[in-house]
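Participant: what shape does this take:
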Amino acid sequence: MSLLQTLVRLEASLTAFISVLTKDEVKKELKELLHNQQDLPDKQVLQRATSVVDKLGEMQAILEPAHLVLADHFFGYTDTKCLVAAVDLDVPDHLASGSKTLEQLATMTNAKPLRLGQILRPLYTKGIFCYDAVTGKYALNHVSRLLLKDHATQWHNWVTLYGNQFFDIARGIPEAVCASSSRCAAQVNFDTDLDMFAYFESQGWVPQLHKTLGAGARAMAPGILADYPWHEIGNKTVMDIGGGSGALLASLLRANPGMIGALFDRPAVIEHITPFFSKGGHFEDLAARVPRGNLIAGNFLEEVPKYEVYTMKWCLHDWDDETVVKILKNIREAIIVTESSRLVVLESVLSDTRSGRLSVYGDINMMMTVGGQERTEAKWNELAERAAEELKAPYVLSIVDTKDEWFYKIHPERYVPSLKDRDPETGQDVIVFEGTACLQYLADRWDTMGEWTGRTAAEKGAVLSWTAYQTAGLGATAKYWLYFLKGYPNRQEPVQLPRTIEKLHQNTTKQWDILNKRLTESGQRYIALKDRPTLADLSYLPFAMPWMFNLFGAFLSRLHQVRDVGAGKPFPSARYTFPGGQGDAAKFLHGKENSVKWEAEYGSIYRIWSGPNPEVVLTRPEDVQQVFKDSDKHIKAVNNNSGYVLGELLGKCVGLVSQNEWKQVRQVSEVAFLRNTVPTYLEIMQKRTMRHFKTLAAGNNLPNGIIDPAADLKMLPFWIIADVLYGRLSREMENTLAKLAPLREDIFRKVMEGGLSRFHWSRFFPTETNKSLESFKEQWIRFNRDALDRALHAGSRAPIVGLYDAVTLGTMTQEHLLHTLDETLFANLDVTLGALSWNLVFLAAYPEHQRCILDEVRRWKQSPKGEDYNNYFTDSTTYLSACILESSRLRPLAAFSVPQAIPTDRVINGYLFPAGTNFIVDAYALNQRNPFWGL
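Facilitator: Numbers count the residues shown, from 1 in each chain. Presented below is the predicted three-dimensional model:
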């Protein structure tokens, strides 16, 4: 067949198909299934239509004359500006009521008929608008209907923004792509070194930008909602990073009524969108589910707020590969690890097909505006792996069907895990199966220092023995117990073997008890070795998961028994969840709401979990009195039950050590803080306070002259305590301390959020938390040494001198000193700040109490004591003292107290608690909800 014959047949076929597509019944289906303005297109129809368009595009590329292809590109600017003109003239809205002639349209738009006809021609010939040559009338089609001002997706905003500001930006592309250029096209065109967002802010274009992007978010929302299982998130809080106008977040919340929202973006964006989530705003219906505190300003290149679920739409394409990896690592570091944790990234995927050309346009827009790029699917996978990878050994995970015959070559019983490697010397395949064997092989290959297998013969013997005990003991016993329990020889026709099942179950729990006994030996933090985890710990890890405890009936509560001796019911307990239980975010960060929730659910006395450690919560004064009647004999929970990182910061401070150790450390450290010593620091405090307020007053730091106590006074107690501890520091040392504070605050935030970093074995991994911790500890030692040298050189007897003297004399260790200084300066800052800031907030809200204090001060000045304020500030009967106490009652530092273990058995509220049980007090139940307060 000749080329001409081929083209004739092709033309005939296309004509026939066009005839079919223009039939009324097919046009109706097209409108319903492909071009439906009210609903998503049918997925299968869309996929097939997309494939057809791509094939037609390939055909066009083969047949179209080259000069026309070029003309479409160098005349492409005319299409853009003709569309802008049509939108500016409101042509789509004028056609909304029906078709119009050119003269009618010209009159309605106040345009010249000839010129209006000229700009409409390239639009209707390319599928925007319809034109009937017989009647001479123009009409809307499914494309131009998108441009109506009342259309939900507001595409007309895109025409206005991209056809004007972005059109101008494109002029800078030729210069921006030169090797010598350091500017993107936007900076070239506007002749500025500001990034595009900052320049848009300076021009007042940010609202237009977010209005446009918000329209895009609404347009894509139905697809986003349909294509991802958002129901899995349930009632969690979703943090939208770089959330812009809030449109995506709003669509998620409206489709998922239980979901809570949060948004993180630059300060200018947060300022712009805050009114949206209030009365009269675009999203006022969501105001209760997006509280003001959830609209957070910041920079995701530095850090992101801690949340469990994140979304991120159209942000990563702004940045180069290295920055994207940094952003993803920041999110990985911040994410609160639970079963629901996730980061949902919504980005374009580059495609070279005709139907994928929108991603190519996006790629050019990213290049010219922010120096960014769209990426292929392979590139996105590569960046995700770089951000998530933690193993130093190269590896590939494979999803296989173990029933396939070929898997017999890997494992004789076709089980997983298994691995396949290649011998670097011989090139032979290496096949390893069984979990313990895989661990041993990887350790032999990569653990050259014996960190996980043992460095000495004694260590290796212990590791091998306990690992083998799992292989031959708990692993095998539990395996066959499950086998018989689930059904032998198969689940369809099981043979009942109750005695066998019970015997295997007894052996399983017995072996757990042996492990528990091993781990309760003095200093035995790990199974095989005392100082670090090994392969033995990893081999038992699957058996330590919460679902395994539930499966085998080896509940944690079995190890911490509380007996009913009169209550008439089992002791109420929250369910333990791996890894932190209720002891991290639930107790510390959400303590106020959980105080109410837990008491309502469990009663006046109940158990929660701080990691694997149980804590009994007391809510009634009489129970508190019974438990703490001999509190001087109580033992504080190790590291406050908050885990490894807190222990590294504060584990040996005077506030966390117990009994004789506490007495010795306190005796040394309290000298500088006795009641009769404190007044000597008043002058230091007054000078620092005056200096602080002078700095606040300078440079318009106080809008309208109003103090925000929580923000403006945050560092005042910090610097007062520093002055007391160290004496007068040099400006350089103050700068050093100021830089240390955010690092310390960030580490403590990680303590509060818990996760795997609460476990000692986490210190062996190169996490950002461990890097930050080591950096802080090094700087903290160096700073205190420098502060000591300065005090000695000045002849000062500041407390730092006496504390180091005690270390020299051996009455306290350097760890005691550093942790106690940390506690005094950093850890107790919330106590002083809480009392100070909330007291001021309450006084500001109740002016009559301010007047009472002023009257009290005046009376004091007129008394014989006169100007001596030392006695006034140390008098616990003053109105000021009462206000401080009342503000502490109404706004306690923490919802729950520090856990302490009782030294002897005792009965509380009908339950017998064994010695060593940790108790905590619910501050809100005791100080606010108790009937004593008459509320």
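
Participant: what sits against G810?
Facilitator: By C-beta atoms under 8 Å, 6 or more residues apart in numbering, the contact set of G810 is empty. Just so you know, the C-beta spots here come from the backbone N, C-alpha and C atoms, and that holds for glycine as well.

Participant: for it, give me the pLDDT.
Facilitator: We have a pLDDT of 78 for G810.

Participant: dihedrals phi and psi, it?
Facilitator: G810 has phi and psi values of phi 90, psi 10 when expressed as degrees, to the nearest 10.

Participant: and if you look at the one 4 residues further on?
Facilitator: Summarising the backbone geometry of Q814 under the convention degrees, to the nearest 10, its torsions are phi -60, psi -30.

Participant: and it, how many neighbours does it have?
Facilitator: A count of nearby residues for Q814, using other C-beta atoms under 10 Å, gives 14.

Participant: ok, it to K636 distance?
Facilitator: The spacing between Q814 and K636, counted by C-beta to C-beta, to the nearest Å, is 21 Å.

Participant: A287 now?
Facilitator: For A287, the distance to K636 equals 43 Å [C-beta to C-beta].

Participant: D79 too?
Facilitator: The span separating D79 from K636 equals 74 Å under the rule C-beta to C-beta.

Participant: try F283
Facilitator: Looking at F283 against K636, where the rule is C-beta to C-beta, the gap reads 47 Å.

Participant: these two - which one has more neighbours?
Facilitator: Legend: neighbour count by other C-beta under 10 Å for F283 and K636, higher for F283 (21 against 18).

Participant: tell me the contacts of that one?
Facilitator: If a contact means C-beta under 8 Å, 6+ apart, then F283 has G246, A250, F276, F277, V290 as its contacts.

Participant: the first one reaches R218, doesn't it?
Facilitator: No - applying C-beta atoms under 8 Å, one finds G246 not in contact with R218, separated by 11.0 Å.

Participant: tell me where the stretch 51-200 of the chain has helices.
Facilitator: In order along the chain, the stretch 51-200 of the chain carries the following helices (DSSP state H, counting those that start in this stretch): 66-74, 76-88, 91-94, 102-109, 113-124, 155-162, 165-169, 173-176, 185-190, 196-203.

Participant: CSV for these, including mean pLDDT, distance to K326 and mean neighbour count?
Facilitator: CSV is the format used below for the helices of the stretch 51-200 of the chain (pLDDT from 0 to 100; distance: least, C-beta to C-beta, whole Å; neighbours: other C-beta atoms under 10 Å):
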stretch, mean pLDDT, distance to K326, mean neighbour count
helix 66-74, 92, 36, 9
helix 76-88, 95, 35, 17
helix 91-94, 96, 43, 21
helix 102-109, 95, 50, 16
helix 113-124, 95, 44, 16
helix 155-162, 93, 29, 19
helix 165-169, 94, 26, 18
helix 173-176, 94, 24, 16
helix 185-190, 92, 22, 23
helix 196-203, 85, 18, 17
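
Participant: turn those into a markdown table, including distance to S604.
Facilitator: Supplementary listing: the helices of the stretch 51-200 of the chain in a markdown table, determined by distance: least, C-beta to C-beta, whole Å:
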| stretch | distance to S604 |
| --- | --- |
| helix 66-74 | 77 |
| helix 76-88 | 66 |
| helix 91-94 | 66 |
| helix 102-109 | 74 |
| helix 113-124 | 74 |
| helix 155-162 | 58 |
| helix 165-169 | 63 |
| helix 173-176 | 69 |
| helix 185-190 | 63 |
| helix 196-203 | 54 |
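
Participant: tell me how many other residues crowd the closest residue to G523 other than its chain neighbours.
Facilitator: Sequence neighbours aside, K530 is the residue nearest to G523 in space, at 5.0 Å (criterion: C-beta to C-beta, 6 or more residues apart in numbering). Under the neighbour criterion other C-beta under 10 Å, K530 is assigned a count of 11.

Participant: measure K530 to F283 for me?
Facilitator: If you measure K530 against F283 using C-beta to C-beta, the figure is 56 Å.

Participant: repeat for L34
Facilitator: L34 sits 31 Å away from F283, going by C-beta to C-beta.

Participant: swap in A536?
Facilitator: With distances taken as C-beta to C-beta, A536 is found 54 Å from F283.

Participant: I336 contacts Y310, doesn't it?
Facilitator: No - because the distance of 10.2 Å does not satisfy C-beta under 8 Å, I336 is recorded as not touching Y310.

Participant: before we move on, the earlier item: looking only at neighbour counts, state which of G246 and R218 leads.
Facilitator: It is G246, of G246 and R218, that has more neighbours when counted by other C-beta under 10 Å, with 28 against 18.

Participant: by residue count, which helix of this protein is the longest?
Facilitator: Secondary structure assigned by DSSP state H gives helix 768-793 as the longest helix of the chain.

Participant: how far does that helix sit from its chain's centre?
Facilitator: Here helix 768-793 shows a centroid-to-chain-centroid distance of 29 Å under the convention C-alpha atoms, centre = their mean, to the nearest Å.

Participant: distance from the chain centre to the next helix or strand after that helix, please.
Facilitator: Downstream of helix 768-793, the first helix or strand assigned by DSSP states H and E is helix 799-809. In terms of C-alpha atoms, centre = their mean, the gap separating the centre of helix 799-809 from the centre of its chain is 41 Å.

Participant: now tell me which helix or strand of the chain has the poorest mean pLDDT.
Facilitator: One helix or strand of the chain scores below all others by mean pLDDT, DSSP states H and E: helix 546-552, with a mean of 41.
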